[in-house]
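Visitor: I would like the atomic coordinates for the input below:
(2 chains)
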Amino acid sequence: MSIPAFAALLERLVFTPGRNAKIALLKRWFAEQPDPDRGIGLAALTEELTFATAKPALIRDLAAARTDPVLLALSRDYVGDSAETIALIWPQRAGVNTPPPTLSEVVEALDATPKSELPDLIAGWLDSLDANGRFALIKLVTGGLRVGVSGRLARLALAEWSGRPIEEIEEVWHGVAPPYLPLFRWLEGKAERPDPRDAPVFRPLMLAHPLEDADLATLRPEEWRAEWKWDGIRVQLCAGPGGRRIWSRGGEDVSAAFPEIVEAMDFHAVLDGELLVIRGGGEVAPFADLQQRLNRKTVGPKLMRDYPVGVRLYDLLFEGTEDLRALPFDARRARLESWIARTCPARMDLSPQIAFASVHQLAAIREGARAASIEGLMLKRADSPYVAGRVKGLWWKWKRAPLSIDAVLMYAQRGSGKRSSYYSDYTFGLWRPDGRGGEELVPVGKAYSGYTDQELLWLDRWIRNHTVARFGPVREVEKGLVLEVAFDAAQRSTRHKSGVALRFPRILRIRRDKPAGEADRLDTLMALVENREAKAKAKAEADAAAD
Amino acid sequence: MVARGAAQPWIPSVLRHLYRGMPHPETWLRVTPAGLWCEPGDFFIDPTRPVARAVITHGHSDHAQPDHEAVLATPETLAIMRARLGAERAGRQQQPLLPGEVVLHNGVRIWLRPAGHVLGSAQVCLEWQGSRAVISGDYKRTPDPTCAPFEVERSCDVFVTEATFGLPVFRHPPPEQEIARLLASVALFPDRTHVVGCYALGKTQRLIALLRRAGWDAPVWLHGALLPLCHTYEELGVRLGDIRLATVAQKGALRGAIVLAPPSAVAERWARRLADPVVCLASGWMRVRQRAKARGVELPLVISDHSDWDELNATIDETGAPEVWVTHGRDDALVHAMGLRGIRGRALHLVGLGEEDEGEDAAPEPAVPATAEGGVA
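Guide: Below you'll find the predicted structure:
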């Protein structure tokens, strides 16, 4: 019965917004399903295993042979998705009583069946399933599952289900292949932890806490090392005889999106660093540029040329097979520096350390950092080992003070999950000349955090009482409420109507005292953008002069 | 063109009209802005505005409008109309007609047959000068513990059908299976409230009855807008067990509970009293994922009081009618499918129908009366 069970799991996962509920569904799957189907299902969900043996056209031909073309077309128009239409419209055959296939039967049969016999095989399966089962099967065999279960979420569910720490699971996860039999045996206490040997595996990252003012007072400069906090994405580079991988912060394999980095990983080591778009001369581009390279399965030469990426290295976890994670930070840093000097890897450089004599001086350095690619400072204790997770007191992130604007609320949208009854997502705008002698509002961003529960209640009520139009879950409101919006950086963007994109916008305060007409102008925000670029240039020149 | 089975060939009906001088129904049953009008009887079926004489198929508001002079319907439908519209607006003169009884009005014979849609729902059968039409209203064929099952009226010249789910993608699974999914979810998330969006007339009572049949003996909690019609059902002899008003419940009492509410209330402020709710919606539209997604539904339940595609087509075939008129819904697909079987189909495009319960327009976000916010409607 495993395809129907898998279909039921899929359907619930697709509609469930809550993380905890998703974990509960996955735990039940691990507990109830037999091997190897539970592992195959898990791999299909996390897209570790994609079949894609059948082309969508094959499925469409099967449906066309069994349905009236007019009815099929009308249905397709209504449903909007071919796979779903076919799953729903597939005519049940009277007298079919073959049991539905298990996941492992599907995998094995797809592997062993010649292409010419695929249509009959799949049609036979479709005959044995109900609409949900047919949908799951079609998505499986055409390789388009996409249910929003990340590997990280699956590993969390495995950890909760088995009671094992997530870090232990992460270190072996990429070393075991579907259907993960040794992994499940270990998690059920029936065997030792599987040994990944040479296989490139993800090592859980060491994370930093945000630095509060109270923590600042306790810092002794001689015990701490400072670096810039770069506004890119955190990556772990893992290379050796068993292969090369680029892992994201959550342990996802993102190698395919950055082939030029993979090519440059001609070494045997595990490194921690920041992936950035770095242009000629070492200038780091704003995050918006890096976004062009994210979430891609493949990448063409034009993208690689227009958005060249590099990795700024800041830690060395393994050199060869030697695990350095227990060494103090200073010792690892020394090893990293000499490793870089010896290896000279292409597209990689060293994240510079920032000298400082006092906390006061450090604060001044942080305030002076206005390059768009710098989020603030990282503080690392000189003697800290490399430990998984967010251990307090070892690493701090000290973001520079946010910028803020007074913007006018324009649209509000319902949240999801627990917030589905609240208008909790806000689009806000600034004034600019409308070209006819007046002023108009142009949207500059969207925020859905920063407010308190009380403020959310108040905003929700205000929005309901000041709605001027509705578009599904979105309400347009009277342009009468000013919100003070904080953000980390303003960057130029060609994708936004206003020409500017905000990093991490959040609601700082509701400015009930301020008339909408007195909210900020777009010019004010643009000045913040230009300011940063100019300062970044000045800083780069100053750095160059200092070297 | 495919010839139909020998049992109900289309030729005899045509012969009847041609050679016996019988009037075709389209000569005496007409589409008007107020709805279907029987000319010789001078009455309307489910008129959308106040008229002198109305025959009402069932109590949903798009079929049972207020302020008619005389209303003919089943006793249950009349009781439902009184409960919803108030006695003074439910027809100045109410005439109950039991299924099986016949009244003669201006030479038109009128009788009713159960439609299986909601309690009291009936098909209106008319005969004038030997010519016969059956107006089925809304109907379903799946057994429903809260109302009498659909009965096929054979040998009509025209069968008038709805087509709310008139596309072959709509095939409703057995309702018991959907109730089992709901109960499995309650077992998996014992600390959360399952709130099920459902329409006040018919769906609510059917869900409660299905839950009872599945062994759910715990209280079923209700949004205030759903309670009055549950009382009407109970007065008409449909037992619903322990039903309570959710508005007055302690938040803790609703953990692990099942709460029924109007579809528009499940994602509204009213739902904030519930413990980490699992939002469910019981509707035939839930068959289509995008529909469920757009409504923010976490557990879609495909339970409908309308016929699905197979039931529509099977019913049309069983009536043996040579001609079928489609009042509302997906008439294009249904008329096409009938044509493949040699049945003449005609789309009436009646306006105003399909606006309560599962009508296309009602699906996005029907308004809840302001009083429902407090839970007491």
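Visitor: now residue 352: closest residue in space that isn't a chain neighbour?
Guide: If you meant another chain, say so; for now it's chain A. residue A:227 (6.9 Å; C-beta to C-beta, 6 or more residues apart in numbering or on different chains). In short, each C-beta sits where N, CA and C put it, glycine included.
Visitor: chain B is the one I meant
Guide: residue B:48 (3.9 Å).
Visitor: what does residue B:32 give?
Guide: According to C-beta to C-beta, 6+ apart, the nearest residue to residue B:32 is residue B:44 (7.7 Å).
Visitor: so the one you found: helix, strand or coil?
Guide: strand (DSSP: H, G, I helix; E, B strand; the rest coil).
Visitor: that one: neighbouring residues, count only.
Guide: 22 (other C-beta atoms under 10 Å in any protein chain shown).
Visitor: against chain A, how distant is it?
Guide: 31 Å (C-beta to the nearest C-beta, to the nearest Å).
Visitor: in stretch A:21-40, what's buried?
Guide: A:21-30, A:33, A:36-40 (16 or more other C-beta atoms under 10 Å in any protein chain shown).
Visitor: so which of these are in strands?
Guide: Using DSSP state E, no member of these sits in strands.
Visitor: so which strand or helix has residue A:10?
Guide: Counting by DSSP states H and E, the element that carries residue A:10 is helix A:2-15.
Visitor: which strands and helices sit next to that helix?
Guide: helix A:19-32, helix A:37-45, helix A:103-112, helix A:131-142, helix B:289-294, strand B:299-301 (3 or more C-beta pairs under 8 Å, 6 or more residues apart in numbering or on different chains; DSSP states H and E).
Visitor: nearest residue to the residue in chain A that chain B sits nearest to in space, please, no chain neighbours.
Guide: Nearest residue of chain A to chain B: residue A:88, at 3.8 Å (C-beta to the nearest C-beta). Take residue A:88 and drop its neighbours on the chain: the residue closest to it by C-beta to C-beta, 6+ apart is residue B:169, 3.8 Å away.
Visitor: is it true that residue A:251 touches residue A:172?
Guide: No. Counting by C-beta atoms under 8 Å, residue A:251 does not reach residue A:172; the two are 11.6 Å apart.
Visitor: more neighbours, those two?
Guide: Ranked by neighbour count (other C-beta under 10 Å), residue A:251 and residue A:172 place residue A:251 first, with 22 against 19.
Visitor: now residue B:73: how far from residue A:205?
Guide: 70 Å (C-beta to C-beta, to the nearest Å).
Visitor: neighbour count: these two, which is higher?
Guide: residue B:73 (30 against 24).
Visitor: please name the spatially closest residue to that one (chain neighbours excluded).
Guide: residue B:56 (4.1 Å).
Visitor: over to the one you found: give its phi and psi.
Guide: Recorded main-chain torsions at residue B:56 are phi -110, psi 130, according to degrees, to the nearest 10.
Visitor: what about it, how many neighbours?
Guide: 30.
Visitor: one step back: what angle separates the helix holding residue A:10 from helix A:37-45?
Guide: 40 degrees (axes from the mean of the first three to the mean of the last three C-alpha atoms, to 10 degrees).
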